[in-house]
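Visitor: Whatever this is, show me its structure:
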Amino acid sequence: MGMRDRNVRKGIEVYENGDDSYLYLPGELLVNDLQPAALSLCPAIADALESVRAAGARHALVCGSGPTVAGLFDDPTGARAAVAMLADRDPRPVAVTPWGARA
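Guide: Now for the predicted structure:
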């Protein structure tokens, strides 16, 4: 079993145990294998990723095959501040909170 497989298993174990620390997994576990392809097809995604990071995201990644970008923030207040900071982008950003998470 490779390192990535072990990390994924650990992430699943933490999640299934009801521990909310899965929200704070290390960046190497937050991987989208389609991100490099999406960036090569639409280089503007790189700017969106950088903007989300500059707005305070702990992690930023491409969703699915793109071009949607998601930023993971420490708390809802940080996410809402990023939405305000990036409000001039098109499409406009939105802040969401995971179901059941503390708001």
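
Visitor: Show residues contacting the helix or strand harbouring Ala38.
Guide: Element membership for Ala38 (DSSP states H and E) is helix 35-41. Helix 35-41 has contacts (C-beta atoms under 8 Å, 6 or more residues apart in numbering) with 45-46, 61-62, 65-67. For the C-beta atoms, the positions are set from N, CA and C on the backbone; glycine is no exception.

Visitor: Could you check how far the next helix or strand after that helix is from the centre of its chain?
Guide: The element immediately downstream of helix 35-41 (helix or strand, assigned by DSSP H and E) is helix 44-54. For helix 44-54, the separation from the chain centroid amounts to 12 Å (computed by C-alpha atoms, centre = their mean, to the nearest Å).

Visitor: Give me the buried positions along helix 44-54.
Guide: Judged by neighbour count (16 or more other C-beta atoms under 10 Å), helix 44-54 contains these buried residues: 45, 48-49, 51-52.

Visitor: just curious, which of these is nearest to Asp75?
Guide: Using C-beta to C-beta, Val52 comes nearest to Asp75 of the buried residues of helix 44-54, at 15.6 Å.
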